[in-house]
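# sequence plus predicted model, see below.
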Amino acid sequence: MLETNNKTKSYIAKLAFCATFFCLCVIGLGAFTRLMDAGLGCPDWPGCYGHLIAPLNDYTAQVNNYVSYKAWAEMVHRYFAGTLSILIISIIILIFSRSVTRTRSNIIFAVILIGLILYQIMLGLWTVTLKLLPIVVTQHLMGGFLIASTLWLVYLTNRNNLILKNNNPNLVKILPWAVGAVVILFLQIMLGAWTSTNYASLSCPDFPFCVNSQAMSLHLREAFALSPVGINYEGGVLSTVIRQTIHMMHRLGGLIFTLYLIMFAAYALPKLKNSFEILKSIYLVFGLLCIQLCIGISNVIFKLPLITAVAHTLVAILLLLSLLTFVCKLVLSIRQGHTS
């Protein structure tokens, strides 16, 4: 019986791992679609010009403003999102169908996934019907990050080999600071999403300042206004100075997160010297952070190449998942230490 239960949990873990990978693909395709200005490549939903498959090139003559590659970019993104939905539904059914998998954590994750997937479907519809309204597109992107994070936690908590025998009393002290790092990173990712959806990524051409040769003024109220401002497509409607404010707030957020992580490491690493399995995760976080900073600077210097722009989004989600892995290992180590 124990072997059967372990196999069932292992199956859920493998399915959750595959779903997480698929979610990364959806997030990457979403970034690609946005950067190609293909968010309205199909002006209707869920089909494209009334078809489940994007029309071919000869359809151009019949429909004004139809661009084949934009329509296909949008529809491929939708196909992957649909496949991801099937994987998530399979995980939810499997969790509720077996008593061994109906643990408190799995039930919580399943309910969260149900809510997220329903909300994502609505956001996908609103993204098209509301003409890429920034607050809607930002929520759509963050929903993808939340789904990936939840799936990853399902994977971590159902792995049979994640046994961390550790009686380090310092782990309880470290945990709140680690959770704080997750919160700050999530807020920073939201700033990045807001920067992208408001077409502010190219508004500051220099580094480290927006325009190195001149001072700039901040327009925070206008930069973070949530009310509709018009059709936000292929450049949007915000002025340059407002976009520069959004861009620089994203850079400031990156600086704050980096400094927080350095101070956190200075505090936590001496206390984790005997916890190698946990240390591996924090080393991975720092490695990904270095890569992310280099990609962010490259996006500015080289004027947002498509490959590095997409990579910036993907490394952000990898950074979030690695930080969640670190927190999860802390929690499991504390629990196992209490029960040993």
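Happy to help now that I have it. Numbers count the residues shown, from 1 in each chain.
# ok, the residue lying closest to P43 once chain neighbours are set aside - how many residues close by?
Counting by CB to CB, 6 or more residues apart in numbering, V128 is the residue found nearest to P43 once chain neighbours are left out, at 6.5 Å. Where you see a C-beta, it was placed from the backbone N, CA and C, and this is true even at glycine. By other CB atoms under 10 Å, the residues close to V128 number 18.
# look at N161 and report its pLDDT.
Per-residue confidence at N161 stands at 59 (pLDDT).
# could you do the one 10 residues further on as well?
Per-residue confidence (pLDDT) for L171: 86.
# now do the contacts for it.
Counting by CB atoms under 8 Å, 6 or more residues apart in numbering, L171 makes contact with K271, S275, I278, L330, S333, I334, G337.
# which of the residues you listed count as buried?
S275, I278, L330, S333, I334, G337 (16 or more other CB atoms under 10 Å).
# wait, the fourth one sits on N274?
No: look at S333 against N274 with CB atoms under 8 Å: they stay out of range, at 11.4 Å.
# spit out the residues that contact those two alike.
Common neighbours of S333 and N274 (criterion: CB under 8 Å, 6+ apart): N168.
# buried residues in the host helix or strand of the residue nearest to P43?
Assignment of secondary structure by DSSP states H and E places V128 within helix 104-129. Within helix 104-129, the residues scored as buried using 16+ other CB under 10 Å are 106, 109-110, 112-113, 116-117, 120, 123-124, 126-128.
# which one of the residues you listed is nearest Y79?
Proximity of the buried residues of helix 104-129 to Y79 (CB to CB) peaks at G124, which lies at 12.5 Å.
# R251 versus that closest one, what's the distance?
To R251, G124 is 30 Å away according to CB to CB, to the nearest Å.
# over to L151?
Applying CB to CB, the value for L151 to R251 is 30 Å.
# so these two - more neighbours on which side?
With neighbours defined as other CB under 10 Å, L151 and R251 compare such that L151 has more, 28 against 19.
# who are the contact partners of G50?
D44.
# any low-confidence regions in the protein?
Applying pLDDT under 70 to the chain flags the ranges 1-6, 56-65, 160-167, 227-236, 337-340.
# now do the spatially most central residue of it against I108, distance only.
The centroid of the chain falls nearest to F145 when counting by CA atoms, centre = their mean (2.9 Å). Going from F145 to I108 by CB to CB gives 18 Å.
# and for L141?
Taken as CB to CB, the span from L141 to I108 is 23 Å.
# same question, S196
Separation of S196 from I108 (CB to CB): 30 Å.
# how about F80?
Note on F80: its distance to I108, by CB to CB, is 26 Å.
# likewise for M190?
Separation of M190 from I108 (CB to CB) stands at 23 Å.
# same check, this time on A71
A71 is 39 Å from I108, where distance means CB to CB.
# ok, now R159?
17 Å.
# cool, I242 as well?
Per CB to CB, I242 is found 40 Å from I108.
# with I262 instead?
I262 sits at a distance of 33 Å from I108 (criterion: CB to CB).
# other SSEs contacting the helix or strand hosting F326?
F326 belongs to helix 306-339 when assigned by DSSP H and E. Counting by 3 or more CB pairs under 8 Å, 6 or more residues apart in numbering; DSSP states H and E, the packing neighbours recorded for helix 306-339 are helix 2-35, helix 134-157, helix 171-197, helix 276-301.
# show me what stretch 187-199 is in contact with.
Residues outside stretch 187-199 that contact it (CB under 8 Å, 6+ apart): 31, 34, 132, 134, 137-138, 141-142, 145, 200-201, 224, 232, 235-236, 238, 243, 246-247, 249-250, 253-254, 256-257, 312-313, 316, 320.
# neighbours around R98, how many?
If you count neighbours by other CB under 10 Å, R98 ends up with 16.
# to clarify, my last question referred to L84.
26.
# same question for P46.
The number of residues packed near P46 is 14, by other CB under 10 Å.
# that one contacts H77, correct?
No: using CB under 8 Å as the test, P46 is too far from H77 to be in contact (11.6 Å).
# Q214 in helix, strand or coil?
coil (DSSP: H, G, I helix; E, B strand; the rest coil).
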